[in-house]
Every structure is written in structure tokens, then in C-alpha cells.
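Enquirer: Okay, predicted coordinates and the sequence, questions at the end:
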Amino acid sequence: MKKSLILVGTQWGDEGKGKIVDHFSKKFNAVCRFQGGHNAGHTIYKEEEKFVLHLIPSGVFCENVSCFIGQGVILSIDSLLEEIKQLEEKGIELEGKLRISRYCSLLLPLHAKIDQLREDNKNSIGTTRRGIGPAYEDKTARRSIKAFDLEDSDLLESKLSSLVEYYNFQIKNIHNSEPFSYDEVYRQLIDSYHKAAKYFGDVTDTLEDIYEKGGNILYEGAQGTLLDVDYGTYPYVTSSNTLATSVGVGSGFPKSIYSDVLGIAKAYTTRVGAGPFPTELFCEVGQNIAKQGNEFGATTGRPRRCGWLDLVALKYSAKLNNLTELCITKLDVLDSFKEIKACINYEVDGKTTSFKSRLLHKAKPIYKSFEGWDCSLEKCKNYADLPKNAKEFLEYIESYVGVKIGLISNGPNREDLIHR
Ligand code: GDP
Ligand code: IMO
Ligand code: MG
């Protein structure tokens, strides 16, 4: 039996997960998303052409790989259809390749509207405004419309009218905005569902079947560990569990938990939206990282906040995910820096503190400084080709975190990857 793999972001998202999933998928029989929704933006360059995937697993470009969306994903059928259309225009056929769990909770346009109204008020989180928070709230509150509800129109009508009523109460009493029309919400949902119906089915049984026949599965995490609703920088987090350990519930296939876990980390740190970020740089160095790394959100286009690599946070992530291996991405972004830093400790009022500190927003980073390599990594194909200073930086990360770095990404394209 071949070993399956869970791939997760170890920072605040956008670590380059999409590129790595695309690279690895040819070695797997299936790729499965297990949490999050279309807040994710996973960028892949395929022969110089750029694709940004939000819901469809990043294994879609590999011919013999099946793609699954497990029930832990919050599903916007409209976003899915848009993505399918874009892929089909490029000749990538999804029928027979993509299967989505009938048990997925649906994200409707009304969730996005509520997210936007909340974000326009004070105390905003800086969400992607896609409706992720309200849709996960509905799931937990047992109000969600599930995909399988659309198989029975009587049940759907009663559930949907309660949901519209619930949100119209909020719209009227909290947001002072226009109410939703039940007829419109219903019609839109039915139209979308009919177009997507052929993709729904049972994911759990199919994953089990692949596995029991000796196949292996790549589980594609979205967001990052520090955005986990339980273990991230709450309340500045997303609304799902992003940790590798949520794979069993999110995919519906319990044996998924016996996989290896590959953690993806940028060679520095970025964050989109609000919340604590101890190593954030407000000076020219931060602007230079943003410029070299082209740090703009793949989903919203917002500029990403940038800072040095935070090893305290990375070690926290490595433990929580029980990482078996690390992949460091975007090392090439640091090519022109004379000095590179990594945070090895935090202090609050002169005392060392941990990532879990309630005072993280006050944490002062203590840095270790590294001499830059000051040359292009573009041509490096093997670990031995890397300059000495780059190896020193990587080997320090490895020893601090206590997890082997097995992969180094030195450019956005498929082939820009060094196996160690
Ligand atoms: P994801 O959400 O984790 O899949 O990451 P995003 O796609 O949101 O952001 C990562 C960005 O960095 C994308 O624009 C990628 O094309 C790009 N990228 C990925 N790996 C590398 C790398 O090693 N070097 C450079 N320069 N860019 C990379
Ligand atoms: P990928 O998969 C980076 C962030 C938002 C915001 C917070 C809550 O591409 O790495 P939400 O819309 O989820 O309620 O927003 O989470 N966020 C991401 N940041 N990458 C992502 O996904 C993200 N998905 C959500 O910016 O701070
Ligand atoms: Mg992204």
C-alpha cells in the first residue's frame, strides 16, 4: 500500500501549497480538499499559464488523478461552476474526474452579503468577504442547506425558508439593509444545483475504495495553521480547522489520518487581513519582500503584510500538525538581501513568551541574523547547487524546528523545486 500525504500550510496561508500539490499529484491516485472554501486561492503555473484554484483540488491538471471535495469543505456552487467553466475553456474536462460530497454544507450568496455587511462595520477581521464565516456558523448551528437537501424539494423549501427568515431578521435589525427575497434565493440555488448535480456523490466510500485497492491520496489543506479556528490567532482566523488532524472528519475517510504530513512554509512570513503578526516589517525591507515576492492575495488581490520568518510560530505549527517533513518555498525571493533574519524568541515586557501567549500582539521578536547569498537561485537544481549561506539558513530552520526539510521551492514554476 502506497503512503498517503496530507499537505498543510504552516503559516497564515499562501505558502505556495497549490504549486506543491500540483507537483506531487502525479504520484497519487487522488487529491482531496477537506476544509475551507473558496476563500482559498491556490496558484499554479502550467507551462507559463497562470491558474488560481479556489475549490477544485490542485491535482486537476494531472491526467490520471481523481479530484475530491470532502464534506468538511463549505461549498459555493456558483464559485465551483465558475471555476469549472474556466478550466473547461482551457480543455480540462471535470466530468468523471471531480466528485463532491453530497454532505457538504452550501455557501449561498446571502452568506457573502452578510460577511460583507459585517466587514463594513467596526471590528472587522479582514475576511475574504466570501461568506465563509456565516456559512460555517450555519453548519454548526444546524441550519445549513446541505447538497443532499436539494434531492428533496419539500425538505429544501422548509429549510431554506427558515434560513432566509433567520437572515432577514438580522438584515433588518442589525444591518438596516434590504431583505433577501426567498423566491430569488430559491431559484438561484435550484438553477446552480442542476448545473452541478452530476458532480455530487459519496466521497468517503470512493476514497476508501481507492485506498483499499492500494492507491494513495493527497489531502490538500487550505489556509494555514495560524488561521485555524481553534489553534490560530483567534479571533483573527478563518472558520474551519486547518490542521492536518482535521483530515479524518473533513474527508470522511478515517484512515486518512495515517498519512505523512508535509508542512509548507515560506522562507519569510506573510499575512492578509487583520491580527497579530510579531515579525511584521513596516520598513523598506518589508516593502522589498512584498515586491520581490509579488505578495498580493490570489483571491482578493489585497497586498499581503510581510515580515521575516517566524521560527517560534513555525515550531508551534510543526508540533500541532505532527509534521513528517517541511517544504520551504519562495527562497528565491530573498536572493538580493544582504542580511536575512529569522525570529527565534518573543519577549513581552522583557520576559520570554510563547506563540500561545494572550499578549502575542505585544510580542517583540528576537532575531537571529544570517548573511544573504546575494545571487540568483534560479539555476539551482540540486541541494548541492545552493550557495553556502542559503544552506546555512535552511539547516538552521531544520534544527530549530526539528523537522527535516525535504523540498525547497526556488521559483513559481513546476520545475523550480529542489528535492533533498
Ligand atoms: P497557496 O494559497 O498556499 O497555494 O499560495 P498562493 O498561490 O496564494 O501564493 C503563493 C504565490 O507564490 C503564488 O503566486 C505562487 O505562484 C508563488 N510561488 C510559489 N512558490 C514560489 C517560489 O518558490 N518562488 C516564487 N518566487 N514564487 C512562488
Ligand atoms: P489559501 O488557501 C491567506 C484569511 C483572511 C482573513 C481570515 C478570515 O490561499 O492559503 P475568511 O474569509 O476565511 O473568513 O477570512 O483568513 N484567509 C486567508 N489568508 N490565504 C488563504 O487561503 C486564506 N483564507 C482565508 O484574509 O484574515
Ligand atoms: Mg493562497
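Expert: Looks like it arrived, so ask away. Residues are numbered from 1 along each chain as shown. Ligands and ions are numbered 1, 2, ... in the order given.
Enquirer: Which residues of the stretch 251-400 of the chain lie near ligand 1?
Expert: Within the stretch 251-400 of the chain, the positions near ligand 1 by Cβ under 6 Å from any ligand atom are Ala298, Thr329, Lys330, Asp332, Val333. C-beta: built from backbone N, CA, C; applies to glycine.
Enquirer: Report pLDDT for the second one.
Expert: The reference is to Thr329. On pLDDT, Thr329 comes in at 98.
Enquirer: Surely it touches Asp14?
Expert: No. Here Thr329 does not reach Asp14: they are 9.7 Å apart, not a contact under Cβ atoms under 8 Å.
Enquirer: how many neighbours does Asp183 have?
Expert: 9 (other Cβ atoms under 10 Å).
Enquirer: Just to be sure, it is in a helix?
Expert: Yes. Applying DSSP: H, G, I helix; E, B strand; the rest coil, one finds Asp183 inside a helix.
Enquirer: From Glu157, how far off is it?
Expert: Distance, Asp183 to Glu157, using Cβ to Cβ, to the nearest Å: 11 Å.
Enquirer: try Phe34
Expert: Distance of Phe34 to Glu157, given as Cβ to Cβ: 31 Å.
Enquirer: Comparing the two, which shows the higher neighbour count?
Expert: In this view Phe34 and Glu157 are compared by other Cβ under 10 Å, and Phe34 has more residues nearby, 31 against 13.
Enquirer: residues touching that one, list them.
Expert: Applying Cβ atoms under 8 Å, 6 or more residues apart in numbering to Phe34 gives the contacts Gly70, Gly72, Val73, Tyr219, Glu220, Gly221, Ser246, Val247, Val249, Gly250, Ser251, Ser256.
Enquirer: Give me the spatial nearest neighbour of it, chain neighbours excluded.
Expert: In space, and not counting its chain neighbours, Phe34 is closest to Gly250: 3.1 Å by Cβ to Cβ, 6 or more residues apart in numbering.
Enquirer: correct me, but the one you found touches Ile69?
Expert: No. Using Cβ under 8 Å, Gly250 is not in contact with Ile69; the gap is 9.9 Å.
Enquirer: Give me the pLDDT value at Met1.
Expert: pLDDT, Met1: 64.
Enquirer: Over to Asn389?
Expert: At Asn389, pLDDT is 98.
Enquirer: and the closest residue in space to it that isn't next to it in sequence, backbone torsions?
Expert: Leaving aside its sequence neighbours, Asn389 sits nearest to Trp373 (Cβ to Cβ, 6+ apart; 4.2 Å). Backbone dihedrals for Trp373, given as degrees, to the nearest 10, come out at phi -100, psi -20.
Enquirer: can you pull the contacts of the closest residue to Leu323 other than its chain neighbours?
Expert: Nearest residue to Leu323, sequence neighbours excluded (Cβ to Cβ, 6+ apart): Gly263, at 4.2 Å. Contact analysis of Gly263 by Cβ under 8 Å, 6+ apart lists Val8, Gly9, Thr10, Thr225, Ser317, Ala318, Asn321, Leu323, Glu325, Leu326, Cys327, Val403.
Enquirer: Filter those residues down to just the ones in helices.
Expert: Here DSSP state H is the test, and those give Ser317, Ala318, Asn321 as lying in helices.
Enquirer: Tell me the most packed of those, by neighbour count.
Expert: Highest neighbour count within the ones in helices among the contacts of Gly263: Ser317, with 29 neighbours (other Cβ under 10 Å).
Enquirer: Assess the claim that that residue and Gly221 are in contact.
Expert: No. Judged on Cβ under 8 Å, Ser317 makes no contact with Gly221 at a distance of 11.3 Å.
Enquirer: In terms of helices and strands, where is the residue lying farthest from the centre of the chain?
Expert: Farthest-out residue of the chain from its mean C-alpha position, per Cα atoms, centre = their mean: Asp154, at 35.7 Å. Element membership of Asp154, judged by DSSP states H and E, is helix 153-170.
Enquirer: Ala342 - nearest residue in space that isn't next to it in sequence?
Expert: Excluding the flanking residues, the one nearest Ala342 by Cβ to Cβ, 6+ apart is Leu309, at 4.5 Å.
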